[in-house]
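1. no sequence on this one, just coordinates:
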Ligand code: PNS
């Protein structure tokens with residue numbers, strides 16, 4: 001059985017993430033989506049909220065599990081018997097950093113990283129843009145699934 005790992009902050013999960021997750025789930029026996037808990041980075045949504053939103057919007061994917069992790073990604077990946085780490089690439093600008101991380105993670109663990117290009121209609125999307133648009137009361141309904149849009153409205157008191 002080949003298990004893929006999709007790690008991220010998911011603060012919050014966007015249609016771009018969901019696209020990469022769904023397409024990865026068609027290629028692997030099992031997909032583990034892991035939300036990072038970083039005590040040094042402040043997030044709009046708590047770890048529990050980010051994990052709950054992911055679980056809600058991926059409920060239709062039968063071969064997927066949502067989890068959370070702390071510390072080095074590769075330690076978590078080795079512990080869970082992950083065959084490949086999958087990262088979405090939106091644009092060439094993502095590539096430089098992600099290449100460095102892929103090479104580092106391979107050096108540390110021997111686990112391969114595979115890059116999944118996002119579909120063009122989602123290539124501009126990021127969680128930080130969604131937070132900013134949502135914070136100013138803009139319409140995020142084309143950027144995030146409805147339960148996430150609802151939580152953003154509640155978080156910003158709208
Ligand atoms: O959605 P993001 O914020 O781009 O995800 C980044 C993530 C979680 C993939 C990255 O920060 C990560 O792998 N964090 C775990 C710590 C780690 O292993 N860092 C790389 C070596 S220092």
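-> That came through fine. Note that this is a predicted model, so its numbers are computed, not measured.

2. near the ligand, anything from whichever strand or helix holds residue 6?
-> According to DSSP states H and E, residue 6 maps onto strand 3-8. Yes: Strand 3-8 lies within reach of the ligand by Cβ under 6 Å from any ligand atom, at 7-8. To be clear about C-beta, it is placed using only N, CA and C from the backbone, and glycine gets the same treatment.

3. again, but for stretch 28-36
-> Yes: residues of stretch 28-36 contacting the ligand under Cβ under 6 Å from any ligand atom: residue 36.

4. I would like the residues contacting that stretch, please.
-> The contact list for stretch 28-36 (Cβ atoms under 8 Å, 6 or more residues apart in numbering) reads 1-10, 21, 24-25, 47, 50-51, 54, 58, 61, 63-70, 73, 76, 80, 82-84, 86.

5. mind listing what's buried in that stretch?
-> Buried residues in stretch 28-36, counted by 16 or more other Cβ atoms under 10 Å: 28, 30-36.

6. Please apply the same query to stretch 79-98.
-> Result for stretch 79-98 [16+ other Cβ under 10 Å]: buried residues 82-90, 94.

7. so, if you compare those residues, which one comes nearest to the ligand?
-> residue 87 (7.3 Å; Cβ to the nearest ligand atom).

8. Got the confidence number for that closest one?
-> Residue 87 carries a pLDDT score of 98 in this model.

9. starting at the chain centroid, how far to the helix or strand containing it?
-> Using DSSP H and E, residue 87 sits within strand 84-89. Here strand 84-89 is found 9 Å from its chain centre; the criterion is Cα atoms, centre = their mean, to the nearest Å.

10. do the same with stretch 61-69
-> So, by Cα atoms, centre = their mean, the centroid of stretch 61-69 is 11 Å from its chain's centroid.
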